[in-house]
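**Student:** sharing a model that was predicted from the sequence below.
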Amino acid sequence: MWIDSHCHLNHEKIKKLGQPSEIVKTANDAGVEAMLSVCCRVSDEFPQLLEMTKTLKNVWCSIGTHPHNAGVQEEIDISQDELVRLALSDSKIIAIGESGLDYYYDNSTPEQQQESFRKHIRACIETNMPLIVHSRDAEKDTMRIIKEEGTGTKLKGVMHCFSSKRILAEEALDFDFYISLAGIITFKKAQELRDIARDIPLNRLLLETDAPYLAPEPYRGKINQPAYVIHTGSALAKLYDITENEIAKHSKQNFFTLFNRAKMK
Ligand SMILES: [Zn+2]
Ligand SMILES: [Zn+2]
């Protein structure tokens, strides 16, 4: 019924809760039937991530370099051609990312992040695969680069864990991107974000946990896991004033429209 469109199942923190197969079972038992485990480092994380997803039913992965890692030499060394080749190497890989810009943390320079972001966008256009965008404190440059690289192409994607200003939501929607909401919308202080979320059309909405980070209420501060996506869904149902079923149905439909390489088993 529910889908977690963005989690990190292979993260060290989640391992504290159990093996990936156990985390998936907990999610399945709670009504979360599928999930996308997102890649942050191509050079050393991706091979294990892919192997893990191959052992799990209705769990897929992406391939990409998180902006935090955009300055790592091994990631810089991965060419667009190599990224494309790897992305198309297995049917379990359904997206490219997460890539983007994070000016809040300066783990890598803006120039390195932008260079990496452009490489990912170009790989998406070449493969017709969707882009998972991470953007923090970088609204202007995020949309500028998406427009520069993507205008006139079939580029599609999602602004993941959306927590930026309204302008980014509006411009991303204008560009036919999806917007994915995480547990932040359940936090008391996130009224501004809830106001933005309310205006996202139902056919553009995705749900995610970004686990192990950002557990929704009532688990705030705990290690997050895909099973908890339901709490974000329930908060959204209240916000939209529709049933949880409808939120689940729309976000699932949107997931399979955007990530069209994903096939349920
Ligand atoms: Zn992210
Ligand atoms: Zn993430």
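**Tutor:** Alright, I've got the coordinates. Ligands and ions are numbered 1, 2, ... in the order given.

**Student:** in contact with residue 176, which residues?
**Tutor:** Under the criterion of CB atoms under 8 Å, 6 or more residues apart in numbering, the contact list for residue 176 reads residue 156. C-beta: built from backbone N, CA, C; applies to glycine.

**Student:** and it, how close does it get to residue 229?
**Tutor:** Distance check for residue 176 against residue 229: by CB to CB, to the nearest Å, it reads 24 Å.

**Student:** before we move on, what about residue 128?
**Tutor:** From residue 128 over to residue 229 the distance is 27 Å, taken as CB to CB.

**Student:** more crowded one of those two?
**Tutor:** With other CB atoms under 10 Å as the criterion, residue 128 and residue 229 differ in neighbour count, and residue 229 comes out ahead with 32 against 12.

**Student:** ok but that one is inside a strand, no?
**Tutor:** No. If the criterion is DSSP: H, G, I helix; E, B strand; the rest coil, then residue 229 is helix and not within a strand.

**Student:** which residue is the nearest non-sequential neighbour of it?
**Tutor:** Using CB to CB, 6 or more residues apart in numbering and skipping the chain neighbours, the partner closest in space to residue 229 is residue 4 (4.5 Å).

**Student:** helix/strand/coil for that neighbour?
**Tutor:** For residue 4, the secondary-structure state derived from three-state DSSP is strand.

**Student:** contacts only, for it.
**Tutor:** With the criterion set at CB under 8 Å, 6+ apart, residue 4 makes contact with 27, 32, 34-36, 207-209, 211, 226, 229.

**Student:** could you redo the last one with a cut-off of 10 Å?
**Tutor:** Residues in contact with residue 4, defined by CB atoms under 10 Å, 6 or more residues apart in numbering, are 27, 32-37, 59, 180, 182, 206-211, 224-230, 232, 251, 255.

**Student:** swap in residue 199?
**Tutor:** Counting by CB under 10 Å, 6+ apart, residue 199 makes contact with 166, 169-170, 173.

**Student:** tell me the buried residues within the residues you listed.
**Tutor:** 169, 173 (16 or more other CB atoms under 10 Å).

**Student:** what's the closest of the contacts of residue 199 to ligand 2?
**Tutor:** Minimum separation from ligand 2 among the contacts of residue 199 (CB to the ion) is found for residue 169, which lies at 18.3 Å.

**Student:** and the stretch 1-150 of the chain, which residues reach ligand 1?
**Tutor:** By the criterion of CB under 5 Å from the ion, the positions of the stretch 1-150 of the chain lying close to ligand 1 are 98, 134.

**Student:** again, only using 8 Å
**Tutor:** Counting by CB under 8 Å from the ion, the positions of the stretch 1-150 of the chain adjacent to ligand 1 are 6, 38, 66, 98, 100, 102, 132, 134, 136.

**Student:** just among these, which is most surrounded?
**Tutor:** residue 132 (33 neighbours).

**Student:** tell me which element that one falls in.
**Tutor:** strand 131-136 (DSSP states H and E).

**Student:** how far out from the middle of the chain is the helix or strand hosting residue 50?
**Tutor:** When elements are defined using DSSP H and E, residue 50 is found to belong to helix 46-54. Taking the mean C-alpha point of helix 46-54 and that of its whole chain, the gap between them comes to 17 Å (CA atoms, centre = their mean, to the nearest Å).
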